[in-house]
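# pasting a predicted model and its sequence here:
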Amino acid sequence: MAKLTITRADFFASIQDMGRQRTQHLGLAQSGVADEYSFFRANYLVGNAVTTPVIEIITGFFSITTDSPVTMALTGAEMSARVNNAPLSPWQSFVLMPGKVFELKNTTGMGIYCYLAVKGGFVIPLCFKSASTVVRENLGGYHGRKLAAGDVLATILPRPLGPTLATPADQIPQFDRPLRLRIMPGYDHDNFPEESKKVFFTSEYTTSNKMDRTGIRLSGPPVIWGQGDILSKPVALGVVQITNDGTPVVLLKERQSTGGYPMMGVVSRLDLCKLVQAFPDTPLHFSLADPVRLRSELIRFYNFWGLP
């Protein structure tokens, strides 16, 4: 067993996996990684099952050391990565040796979320069958909180370490601007006035600085509901709620379990991987898509990674 010691974690780093399934009726957040593609790829590069818990790092500075050789991989946002001040390329695995320091500095290009996987996985107790952290619920991960300098994470140390792998260039995502987000109709889509739907689907919106793991508030032309109050109902990952002032909000992994705002639609789960990596002021457009086609695409994506 290897022990990894975090020596710096300035903004927000936490243990995440695919999150908690079928717990919304208990009032618990689903949680889990924001960018599933980068998460799967990081685990693949070190030879783990793709749903093995990883460290999710949101911008900022982060560094870690180890007491035994470990194979690691970094994916996700474009950040400046170094081992003992020597540049390190992301989207490939590498071996971190004792006495060396792996260090991440603020994003150098596009993207917000990084994923650090270690071969063998971290030893983290499961809570409702998940290791994911939800800080506001003091649940999961490392004692229910974000990671901090001085924290020590244990990992199962496989033998041998195995070969290092690299991601083909055409499989490294480009966090393009502007974004085009495909959505399937939501609970209330048909009840919005036609003019409001026209505004929503023809206007350009931008991501605001009001974003976190709960959701992303957008800036742009208001979408008028005009139908009065509605009953609260369960909210799915990627739901686009329209607030009382007409602002679209896209809900993410740590969304509340129910919502009382009208729901225009649900963003494709694959498109969410791009949206969560968008900096504030990123332009985007919505387009209505066939739910059957989106579901088929998602099934193929999960099957590619060996998931049902």
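Great, that's in hand. Residues are numbered from 1 along each chain as shown.

# residue nearest the centroid of the chain?
Most central in the chain under C-alpha atoms, centre = their mean is A34, positioned 1.0 Å from the mean C-alpha point.

# residues contacting that residue?
When contacts are counted by C-beta atoms under 8 Å, 6 or more residues apart in numbering, A34 touches E56, I112, Y113, R213, L252, K253, L272, V276. C-beta here means a position set from N, CA and C on the backbone, and glycine is covered the same way.

# try it again with 7 Å
Taking C-beta atoms under 7 Å, 6 or more residues apart in numbering, we find A34 in contact with E56, Y113, R213, L252, K253, V276.

# and the fourth one, how many residues sit next to it?
This points to L252. 24 (other C-beta atoms under 10 Å).

# what does the one 3 residues further on give?
Using other C-beta under 10 Å, R255 has 23 neighbouring residues.

# quick one: it is in a strand?
No - for R255, which was evaluated using DSSP: H, G, I helix; E, B strand; the rest coil, the result is coil, with no strand membership.

# and the furthest pair within the contacts of A34?
E56 and L252 (12.4 Å; C-beta to C-beta).

# could you say which helix or strand holds G162?
Of the helices and strands defined by DSSP states H and E, none includes G162.

# same question but for L237, I mixed them up
Assessed by DSSP H and E, L237 sits outside every helix and strand.

# what about it, distance to H25?
When C-beta to C-beta, to the nearest Å is the yardstick, L237 and H25 sit 15 Å from each other.

# between the two, which one's more packed in?
L237 (16 against 9).

# and that one, what does it touch?
Q30, L251, K253, R269.

# how about G120?
Neighbouring residues of G120 by C-beta under 7 Å, 6+ apart: T155, I156, L157, P158.

# by mean pLDDT, which helix or strand of this protein comes out lowest?
Ranked by mean pLDDT, DSSP states H and E, the weakest helix or strand in the chain is strand 102-107, scoring a mean of 87.

# what helices or strands is it leaning on?
For strand 102-107, the contact count by 3 or more C-beta pairs under 7 Å, 6 or more residues apart in numbering; DSSP states H and E identifies strand 62-66, strand 79-83 as packing neighbours.

# which stretch in the ones you listed is the model least sure about?
Mean pLDDT is lowest for strand 79-83 among the helices and strands packed on strand 102-107, at a mean of 94.

# give me the buried positions along that strand.
The neighbour-count criterion (16 or more other C-beta atoms under 10 Å) identifies M79, A81, V83 as the buried residues of strand 79-83.

# tell me where the stretch 51-200 of the chain has strands.
According to DSSP state E, counting those that start in this stretch, the stretch 51-200 of the chain carries its strands in the segments 54-58, 62-66, 70-76, 79-83, 86-88, 92-96, 102-107, 113-118, 152-155, 179-185.

# other residues contacting the shortest one?
Around strand 86-88, the neighbours that count as contacts under C-beta under 7 Å, 6+ apart are A81, R82, F94.

# before we move on, what about the first one?
Contacts to strand 54-58, defined as C-beta under 7 Å, 6+ apart, come from residues 11-16, 33-34, 39, 42-43, 104, 112-117, 147.

# repeat for stretch 280-300
Stretch 280-300 is contacted from outside by 177-185, 200-201, 204-209, 268-270, using C-beta under 7 Å, 6+ apart.

# how about a cut-off of 8 Å?
Under the criterion C-beta under 8 Å, 6+ apart, external residues in contact with stretch 280-300 comprise 177-185, 200-201, 203-209, 211, 218, 240, 265, 268-270, 275, 278.

# which among those count as buried?
Buried among these by 16+ other C-beta under 10 Å: 179, 181-185, 200, 205-208, 211, 218, 240, 265, 268-270, 275, 278.
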